[in-house]
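S.K.: Sharing a sequence plus its predicted fold:
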Amino acid sequence: MTRSSPVSAGPTSAFDPEDWDAFRALGRRMVDDLVDQLQGLGDGPVWRPMPDAVRATFRSEALGAPQPVEAVYADYLETVAPYAGGNRHPGFMGWVQGAGAPVGALAEMLAAGLNMNCGGRDHVGIALEQQIGLWARDWFGFPATARGLFVTGASMANFAACLAARSRALGPEARASGVGAARLTAYAAQGAHACVVRAMEMAGLGREALRLVPLNADFQMDIKALDSLIQADVEAGLQPFLVTATAGSVDVGAFDDLAMLADLAERRGLWLHVDGAFGALGVHSARVRPKLAGLDRAQSVAFDFHKWGQVPYDAGFIIVADGARLTDVFASPAAYLSREPEGLAAGDFWPTDYGPDLSRGCRALKTWFILRTCGVEAIGAAIDTGLDLAAALRARIAAETRLEQLGPSDLNIVCFRYLPDPVTSGGAAPDLDDLNRGIARRLQIKGRVAPSLTRIDGKVALRAALFNPRATLSDINALVDGALLEGAELAGKATHDQPSRN
């Protein structure tokens, strides 16, 4: 559609531009600048430290007088855009974060222009969310009773699932009377995300009610150990109610055996929830899909479109096989939320009945744009690219005597550490944990690649999480070459700094 005549200015306020044509020109410039940034991502550093002078500009307690939008945008270009978190860059491999698809940025702009509150009522933002819930239901093989809901991320999705499982165990009346004397216990692998612990805390059940199950050799939840813990709790008069499986652990990318956990959960009468923050979207990769066998038997799944789905932050999602379990937890009667058979207050799906928020932005529009323009095939291809790069990284680690892989890795997360050469280091033994922490810091500050750190079997490890579809083999080589270079320099410095033994 082309603009054939000027649009009527309509009513104005202090929040509207004084000159709409100038505003339009600035908007076009912003889009051009953004596209230039995205197109040239690989030309700059992954991340750069914020100078003290720039940081100081964000510590003023006084807001000051209003400024022209052009001046504020100029400040943005100087003090904001250069110092972002880095996850768009192909060399970013430290944390489990997606890179974002450019079309998502445009869709986010459109969503902001529509300014829809997607807590409820009858408008297209709700229909978009329902559509994506239907797609997710199909992907995971969930029943027609399933309901899906956007949330900030898997942390909130895991919390919502915990509340739904608690309601199933104690009945909806627990919302009024609390948990009382109930002694509920839940179970998750020792490698589960920290938000699983927080969910128990926020649900009022306490972290001590969560049993962290030992891992097997593949870093999966040990099923026999889990069954023994459940049996011991039953014999102690406790009430097991929830087991949270992990589909893609943040440390090493391990997948619990969902089919075996589903068997156990059915036999024990437990709610099976799957924290699939990144792993659940592996259904779109033929190489990852077998790890998700049994996903369709879960009562709920948490996942993030902003990881493997490459949707700009934030776009978490929860889907529950029996959607009524969420309304048991969240639906609340209120005069201002009354429903009507027609008009704006109509609609058979109000997300506020299924989650904690009434004020909700439209996360669905950017997700809808990306899924429709890129397709799930692009998600699967990006996943497979990450798997190939991880295999190349493992091969390089195996070929370098100064590097040691830590933990299992058959997915897209690889952990390793640098081992100094005892000959060149003069026989000294620098602290390996401190050495590898230093390597990570140096690589991040130099900006070519940015790994993170974790701890595997008590050892500090460099961690490469390969989620960025823009990454190539050159980024893998830069990581390995950089680790070797920084490791050698730091090990030599540590040796030089050793006190004399004479």
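M.R.: Structure's in. What do you need? Numbering: from 1, shown residues only.
S.K.: OK, contacts around Asp434?
M.R.: Going by C-beta atoms under 8 Å, 6 or more residues apart in numbering, Asp434 touches no other residue. To be clear about C-beta, it is placed using only N, CA and C from the backbone, and glycine gets the same treatment.
S.K.: Doesn't it belong to a helix?
M.R.: Yes. Assigned with DSSP: H, G, I helix; E, B strand; the rest coil, Asp434 falls within a helix.
S.K.: pLDDT value on it, please?
M.R.: Per-residue pLDDT puts Asp434 at 97.
S.K.: any idea how far Asp233 is from it?
M.R.: 41 Å (C-beta to C-beta, to the nearest Å).
S.K.: Could you do Leu205 as well?
M.R.: For Leu205, the distance to Asp233 - C-beta to C-beta - is 13 Å.
S.K.: got it, and Arg175?
M.R.: From Arg175 over to Asp233 the distance is 24 Å, taken as C-beta to C-beta.
S.K.: and what of Ala247?
M.R.: Distance, Ala247 to Asp233, using C-beta to C-beta: 24 Å.
S.K.: between these two, which one's more packed in?
M.R.: Each of Ala247 and Asp233 has its neighbours counted (other C-beta atoms under 10 Å); Ala247 has more, 28 against 19.
S.K.: what's the more buried one in contact with, if anything?
M.R.: By C-beta under 8 Å, 6+ apart, the residues touching Ala247 are Phe255, Asp256, Leu258, Val274, Asp275, Gly276, Gly279, Ala280, Gly282, Lys291, Leu292, Leu295.
S.K.: Select from these every entry located in helices.
M.R.: Counting by DSSP state H, the contacts of Ala247 place Leu258 in helices.
S.K.: ok, so of the contacts of Ala247, who is nearest Leu485?
M.R.: Gly279 (33.3 Å; C-beta to C-beta).
S.K.: what about this structure, any weak spots by pLDDT?
M.R.: Low-confidence segments of the chain (pLDDT under 70): 1-11, 423-429, 494-502.
S.K.: again, only using 80
M.R.: Where the chain drops to pLDDT under 80, the residues are 1-12, 335, 422-429, 493-502.
S.K.: tell me the domain ranges of it?
M.R.: 32-47+84-100+375-502, 117-361 (automatic domain parsing).
S.K.: quick one, helices of the protein?
M.R.: Assigned by DSSP H, the helices in the chain fall at 20-39, 52-56, 69-79, 102-114, 124-140, 154-170, 174-177, 194-202, 223-235, 258-268, 324-330, 363-399, 432-446, 473-496.
S.K.: Point out the most buried one among the ones you listed.
M.R.: The highest mean neighbour count among these, using mean count of other C-beta atoms under 10 Å, belongs to helix 154-170: a mean of 25.
S.K.: Give me the angle between it and helix 194-202.
M.R.: Counting by axes from the mean of the first three to the mean of the last three C-alpha atoms, to 10 degrees, helix 154-170 lies at 50 degrees to helix 194-202.
S.K.: For the remainder of this discussion, apply numbering that starts at 495.
M.R.: That works, and once the first residue is 495, the last one we named lands at helix 648-664.
S.K.: And helix 648-664, how far out from the chain middle?
M.R.: Its chain's C-alpha centre and that of helix 648-664 lie 18 Å apart, by C-alpha atoms, centre = their mean, to the nearest Å.
S.K.: Over to stretch 830-842?
M.R.: 34 Å.
S.K.: Pull out the buried positions in it.
M.R.: For stretch 830-842, a neighbour-count test (16 or more other C-beta atoms under 10 Å) marks Leu831, Gly841 as buried.
S.K.: Endpoint to endpoint, that stretch covers what distance?
M.R.: Length of stretch 830-842, first residue to last, C-alpha to C-alpha, to the nearest Å: 16 Å.
S.K.: sorry, back to before: which among the contacts of Ala741 gets closest to Thr861?
M.R.: Sorting those by how near they are to Thr861, with C-beta to C-beta, puts Ala774 at the top with 14.3 Å.
S.K.: Ile813 versus that closest one, what's the distance?
M.R.: 9 Å.
S.K.: What is the burial count for Arg964?
M.R.: Neighbour tally, Arg964, other C-beta under 10 Å: 17.
S.K.: Verify the stated contact: it with Ala593.
M.R.: Yes. Look at Arg964 against Ala593 with C-beta atoms under 8 Å: they come within range, at 5.9 Å.
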